[in-house]
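Undergrad: pasted the sequence and its predicted model underneath.
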Amino acid sequence: MTDNSMFSLQDKTAVVTGATSGIGRQQAFALSRAGATVIAVGRNAEALESLMEDLPGNGVAVQTDLLNADLSDVLHEAVAMTGPVDILCNTAGINLREPAENVSRKSWNDTINLNLSVPFFLARELVPDMRERGGGKIINIASLQSERAFANSIAYGASKGGVAQLTRAMAEAWSSDGICCNAIGPGFFPTSLTAAVFNDSDIAARNAKQTAVGRNGELKDLDGITVFLASSASDYITGQVIYVDGGFTAK
């Protein structure tokens, strides 16, 4: 029989960035239900308050704009409230959906910084303590665009291609210290970043048809992989991008 305690996150603490909506919010709930104390990081104070009210377990909120924050200060504030961090979910991200000719230096830099640079520097801040305590889990968010191109997403695609390689490089650097570094590659899920897709029923239907299972994702489809990668059940998995896309990349 399966030892379900492998999937328990009791007595663990998890940071989730972008926790006020979409995938980040879903991850916060999944980790909380598995027993983790959740440090929810986001920009919107009202959304953070709502999350804290609804979270099934223990949690604290850290309001900040990761693009403009001192990441060391952000984590110091979090750790002061909860103690050491065991799990980091790098989920905050942006996709401005600009044609290549409309991409400005600012929009390019903001996309690369939030989607790629912030995950690295947040993780690096946490690694020394994780190493000292024998390990930890880092979960990045990749994308279908980590390996294929979509229209009007050149900066986003570049950042998510980088996330796939960042995940492998993190694993090479830190997994010998027990720090497993993996990424989730979501297919099409209804979030604020994909509103333009789901608001067009023809596009949404075409994407669903492209999957092997015949439907687009529901946010609850991400619960299992999030808890798995955060738990001891995945202790021998690192440096991987795991696509949760209903078989979109298989066709």
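TA: Ah, there it is.

Undergrad: mind listing what the most centrally placed residue in the chain touches?
TA: Nearest to the mean C-alpha position of the chain, by C-alpha atoms, centre = their mean, lies T91 at 2.8 Å. Shown in contact with T91 (C-beta atoms under 8 Å, 6 or more residues apart in numbering): V16, T17, G18, A19, I23, G24, Q27, I139, I141. Any C-beta I mention is one placed from the backbone N, CA and C, and that applies to glycine too.

Undergrad: let me know the secondary structure of V213.
TA: coil (DSSP: H, G, I helix; E, B strand; the rest coil).

Undergrad: for it, grab phi and psi.
TA: Phi and psi for V213, reported as degrees, to the nearest 10, are phi -90, psi -10.

Undergrad: isn't it right up against D245?
TA: No: using C-beta atoms under 8 Å, V213 makes no contact with D245, being 9.3 Å away.

Undergrad: those two: who's more crowded?
TA: Legend: neighbour count by other C-beta atoms under 10 Å for V213 and D245, higher for D245 (25 against 14).

Undergrad: for the chain, what helix or strand is lowest in average pLDDT?
TA: helix 195-198 (a mean of 84; mean pLDDT, DSSP states H and E).

Undergrad: tell me the SS of the closest residue in space to L166 that isn't next to it in sequence?
TA: Once flanking residues are discounted, L166 sits nearest to F120: 6.0 Å by C-beta to C-beta, 6 or more residues apart in numbering. With three-state DSSP as the basis, F120 sits in helix.

Undergrad: number of residues surrounding F120?
TA: A count of nearby residues for F120, using other C-beta under 10 Å, gives 18.

Undergrad: show me what contacts the residue nearest to L67 when sequence neighbours are not counted?
TA: Counting by C-beta to C-beta, 6+ apart, L114 is the residue found nearest to L67 once chain neighbours are left out, at 5.5 Å. L114 makes contact with L66, L67, A92, G93, I94, according to C-beta under 8 Å, 6+ apart.

Undergrad: buried among the residues you listed? Make that a PyMOL selection.
TA: The PyMOL command for the buried members of the contacts of L114 (criterion: 16 or more other C-beta atoms under 10 Å) is given here:
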select buried, resi 66+92+93+94
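
Undergrad: of the contacts of L114, which is the nearest to E77?
TA: Set against E77, the nearest of the contacts of L114 by C-beta to C-beta is L66 (12.9 Å).

Undergrad: can you lay out the contacts of T91 as JSON lines showing distance to F188 and secondary structure?
TA: Formatted as JSON lines, the contacts of T91 follow (distance: C-beta to C-beta, whole Å; DSSP: H, G, I helix; E, B strand; the rest coil):
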{"residue": "V16", "distance to F188": "21", "secondary structure": "strand"}
{"residue": "T17", "distance to F188": "21", "secondary structure": "strand"}
{"residue": "G18", "distance to F188": "18", "secondary structure": "coil"}
{"residue": "A19", "distance to F188": "21", "secondary structure": "coil"}
{"residue": "I23", "distance to F188": "12", "secondary structure": "helix"}
{"residue": "G24", "distance to F188": "17", "secondary structure": "helix"}
{"residue": "Q27", "distance to F188": "17", "secondary structure": "helix"}
{"residue": "I139", "distance to F188": "20", "secondary structure": "strand"}
{"residue": "I141", "distance to F188": "14", "secondary structure": "strand"}
